[in-house]
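K.L.:
build the 3D model from these lines:
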Amino acid sequence: MFESRQLLFLSLDMLAENHNAVMRLICSFLEIHPVQIDGPIHEAEGPAFSSPSADDITYLRQIYQSDLCRFAKLTGLDVWHWLNSS
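P.N.:
Numbers count the residues shown, from 1 in each chain. Alright, predicted model coming up:
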């Protein structure tokens with residue numbers, strides 16, 4: 001449907017680590033003038049949610065492991081820490 005050159009995959013971690021580098025990458029991809037963001041980027045504030053239980057995390061890892069493998073191959077993103085985060 002789309003050629004690989006028409007797709008850009010990013011993670012929130014990349015944006016949090018170096019938002020201006022990511023913005024330059026996005027602008028280059030879109031072939032627009034670079035955008036500079038002054039100051040840090042903050043997460044949106046919203047209602048607090050409780051963390052899932054250890055059993056829930058284990059269950060979800062089992063369900064999504066094969067999808068995550070396919071997602072990593074498709075996007076080229078390093079997402080393996082998603083399975084190891086608690």
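
K.L.:
what sits against the residue lying farthest from the centre of the chain?
P.N.:
Distance from the C-alpha centroid of the chain, by C-alpha atoms, centre = their mean, peaks at residue 55 (24.2 Å). Residue 55 makes contact with no residue under the criterion C-beta atoms under 8 Å, 6 or more residues apart in numbering. All C-beta spots, glycine's among them, are computed from the backbone N, C-alpha and C.

K.L.:
just the CA trace of whichever strand or helix holds it, in CSV.
P.N.:
Following DSSP states H and E, one finds residue 55 within helix 54-75. Extracted in CSV, the C-alpha atoms of helix 54-75 (Å, rounded to 0.1, in the frame of the first residue of the first chain):
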residue,chain,number,x,y,z
ALA,A,54,2.3,-8.6,38.0
ASP,A,55,-0.1,-11.3,36.8
ASP,A,56,-1.7,-8.8,34.3
ILE,A,57,1.8,-7.9,33.0
THR,A,58,2.7,-11.5,32.5
TYR,A,59,-0.6,-12.2,30.8
LEU,A,60,-0.3,-9.3,28.4
ARG,A,61,3.4,-10.1,27.6
GLN,A,62,2.2,-13.6,26.5
ILE,A,63,-0.6,-12.2,24.4
TYR,A,64,1.4,-9.5,22.6
GLN,A,65,4.9,-11.1,22.3
SER,A,66,4.4,-12.3,18.7
ASP,A,67,2.8,-9.0,17.7
LEU,A,68,5.7,-7.1,19.2
CYS,A,69,8.1,-9.2,17.2
ARG,A,70,6.3,-8.4,13.9
PHE,A,71,6.0,-4.7,14.9
ALA,A,72,9.8,-4.5,15.6
LYS,A,73,10.6,-6.0,12.2
LEU,A,74,8.1,-3.7,10.4
THR,A,75,9.2,-0.5,12.1
